[in-house]
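everything below, folded, please.
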Amino acid sequence: MKILEAFGEPISYGGQEAFVMNALPHIDSSDMEIDLLSPYYCDNYSVVRKVNERGGEVFTLNCRFAPGKMRNTEAGPIRQFLHSHQYDVIHVHSGSNSMLAMYARLAHKAGIPRIIVHSHCTGQHGWKHSVSKALTAFSLHRYPSEYCACSKEAGEWRFPADICKSRLIIINNGIDISRFRYNENLRDRMRSQLGLSDDTVLIGSVGRLTYQKNQAFLIDTLEYIKSHNKHAGEYRLILVGEGEDRIVLENKAKKSGLEQEVIFTGAVDDVTPYLQAMDVAAMPSRYEGLAIAAIEAQTAGLEIIVSDTIPQAAAVTDNVIFLPPDSAEHWAVELMKSHSRHPEQADVVAERGYSTEKTAEVLTGLYRGEYR
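The predicted structure is shown next:
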């Protein structure tokens, strides 16, 4: 069985790629060959290595990636690729309605028997989304064979209402529980590497540096802490990830006098050591489908403060606080409270079905047609 994991964005260090790569080692490869495709580029070479090791390939079509712009130049290269390669299943991952619909239509025309579309996030309400959803409704009704989402909210954001009522398959964002489980030795080593004293409170956030993830709000929050707390010098903020907002965020930190207090890691292959080093996690996203980074943080035993735009399902444990991302003062108050580590959270995450093994089990059944 030949399967294509198709992305509507570059293959980089985002949550969609993490979802696939977390599950991939646990999918029975004895009768499945899995390739990856992006119409843009791949700058995560560990993905290429891991896919190649399992006998698959990572394909890129070198289209120009322009987030928020019209996606009208990708259709030709995608059409040509799908007609020149034979697949039994295509599993489409994208944060764009138009890309999900385009892939579904082109896959149908290429004769691919099984077409799975997968919503990994929500977004901001407005006329643009309403128009996009209306324009893609026909294709998303007619061509896919299965509909998946990381949460009910993510499914309702992308797909027609009748589909969500009767055909939506919720697939948890599984992670490697053992890898993220709290490790005190790793914590000590990483904090030493970062030059942090035992008294330093490290606030952490994992995710692409983008408008969606709203890291600028955390810099405002840290500025509030610094100006309203006599121990503010003992607080640091670490932003784990890379993205188009990197320079803007660096300039904001510098302008706020926080150049030494905000740590930018850039793209990293493994976020685990950074999660271990943190004292509390924060995620002020403007929108999310579920937020795999929130699951990882809880598995590492962290208490986490998240935006109330994130689905309640992200609170797999009891140590998640939801706040609107509109007041740096309110976030600062919560972040300045005493925070404890909760190693037992890893077991709770596993019990609630967020392990890579469980996700891989669902995907295997999906690819074999067991959910039709």
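
tell me where the stretch 1-150 of the chain has helices.
Applying DSSP state H, counting those that start in this stretch to the stretch 1-150 of the chain gives helices spanning 15-23, 45-53, 75-84, 97-109, 127-142.

right, so those: which one is the most enclosed?
With neighbours defined by mean count of other CB atoms under 10 Å, none of those is more surrounded on average than helix 97-109, at a mean of 23. All C-beta atoms are positioned from the backbone trio N, CA, C, and that covers glycine.

in stretch 217-234, what's buried?
F217, L218, I219, D220, T221, L222, E223, Y224, I225, K226, A232 (16 or more other CB atoms under 10 Å).

where's the dip in pLDDT among those residues?
Within these, A232 has the lowest pLDDT, namely 56.

on that earlier part again, pick out whichever of the buried residues of stretch 217-234 sits closest to V316.
The closest of these to V316 turns out to be L218 (CB to CB; 22.1 Å).

ok but that closest one is inside a helix, no?
Yes: counting by DSSP: H, G, I helix; E, B strand; the rest coil, L218 falls inside a helix.

OK, contacts around it?
I203, S205, L237, L239, A282, P284, W331 (CB atoms under 8 Å, 6 or more residues apart in numbering).

helices or strands up against the worst-scoring helix or strand of the chain on mean pLDDT?
In the chain, no helix or strand scores lower on mean pLDDT, DSSP states H and E than helix 127-142, which sits at a mean of 84. Secondary-structure packing of helix 127-142 (3 or more CB pairs under 8 Å, 6 or more residues apart in numbering; DSSP states H and E): helix 97-109, helix 152-158.

which other residues reach it?
Helix 127-142 is contacted from outside by 97-98, 100-102, 104-105, 108, 117, 123, 157-160, 163, using CB under 8 Å, 6+ apart.

could you redo the last one with a cut-off of 7 Å?
N97, S98, L100, A101, A104, R105, V117, G123, F159, P160 (CB atoms under 7 Å, 6 or more residues apart in numbering).

tell me which two in those residues are the farthest apart.
Largest pairwise distance in the contacts of helix 127-142, by CB to CB, is 21.4 Å, between R105 and G123.

how close does the residue nearest to G123 when sequence neighbours are not counted get to R189?
Closest residue to G123 apart from its sequence neighbours, by CB to CB, 6 or more residues apart in numbering: Y287 at 5.0 Å. Y287 sits at a distance of 35 Å from R189 (criterion: CB to CB, to the nearest Å).

ok, the two, which is more surrounded?
For the pair Y287 and R189, the greater number of neighbours falls to Y287 (21 against 14), based on other CB atoms under 10 Å.

roughly how far does that one sit from K213?
10 Å.

then A107?
30 Å.

list the contacts of N52.
Listed by CB under 7 Å, 6+ apart, N52 has no contact partners.

so what are the domain limits for the chain?
The chain is divided into the following domains under automatic domain parsing: 2-174+355-367, 177-351.

going along the chain, name the strands of the stretch 151-300 of the chain.
168-170, 201-206, 235-240, 262-266, 280-283 (DSSP state E, counting those that start in this stretch).

S12: which of these is closest?
strand 262-266 (12.0 Å).

what residues sit buried inside that closest one?
V262, I263, F264, T265.

extract the CA atoms of that strand and return them as CSV.
Below are the C-alpha coordinates for strand 262-266, written out as CSV (Å, rounded to 0.1, in the frame of the first residue of the first chain):
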residue,chain,number,x,y,z
VAL,A,262,14.5,36.6,26.2
ILE,A,263,16.2,33.5,24.8
PHE,A,264,15.6,32.6,21.1
THR,A,265,16.6,29.0,20.4
GLY,A,266,15.9,29.0,16.7
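
quick check: angle from it to strand 201-206?
Relative orientation of strand 262-266 versus strand 201-206 (axes from the mean of the first three to the mean of the last three CA atoms, to 10 degrees): 30 degrees.

which other helices and strands does strand 262-266 contact?
Contacts defined by 3 or more CB pairs under 7 Å, 6 or more residues apart in numbering; DSSP states H and E place strand 262-266 against strand 235-240, helix 246-255.

could you dump the ones you listed to a markdown table with distance to L275 and mean pLDDT?
Listed next are the helices and strands packed on strand 262-266 as a markdown table, based on distance: least, CB to CB, whole Å; pLDDT from 0 to 100:
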| stretch | distance to L275 | mean pLDDT |
| --- | --- | --- |
| strand 235-240 | 8 | 96 |
| helix 246-255 | 20 | 96 |
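
tell me which of those is the most buried.
When those are scored by mean count of other CB under 10 Å, the highest mean neighbour count falls to strand 235-240 (a mean of 23).

run a quick neighbour tally on G353.
Other residues close to G353 by other CB under 10 Å number 16.

what sits against the residue nearest to G123?
Contacts of Y287 by CB under 7 Å, 6+ apart are C121, T122, G123, Q124, Q212, T309.

what pLDDT is listed against it?
On the pLDDT scale, Y287 gets 86.

ok, it to A137 distance?
From Y287 across to A137, the span is 21 Å (CB to CB).

residue ranges in the stretch 51-200 of the chain under the pLDDT threshold?
Scanning the stretch 51-200 of the chain for pLDDT under 70 picks out the ranges 68-70.

now with 90, please.
In the predicted model of the stretch 51-200 of the chain, residues 65-73, 95-97, 120-137, 150-155, 157-158, 160-161, 166, 172-175 satisfy pLDDT under 90.

low-scoring stretches of the stretch 251-372 of the chain, by residue?
267, 269, 287-292, 309-314, 353, 369-372.

how does it look with 70?
For the stretch 251-372 of the chain, the ranges with pLDDT under 70 are 372.

surely D31 meets I3?
No: judged on CB atoms under 7 Å, D31 makes no contact with I3 at a distance of 10.5 Å.
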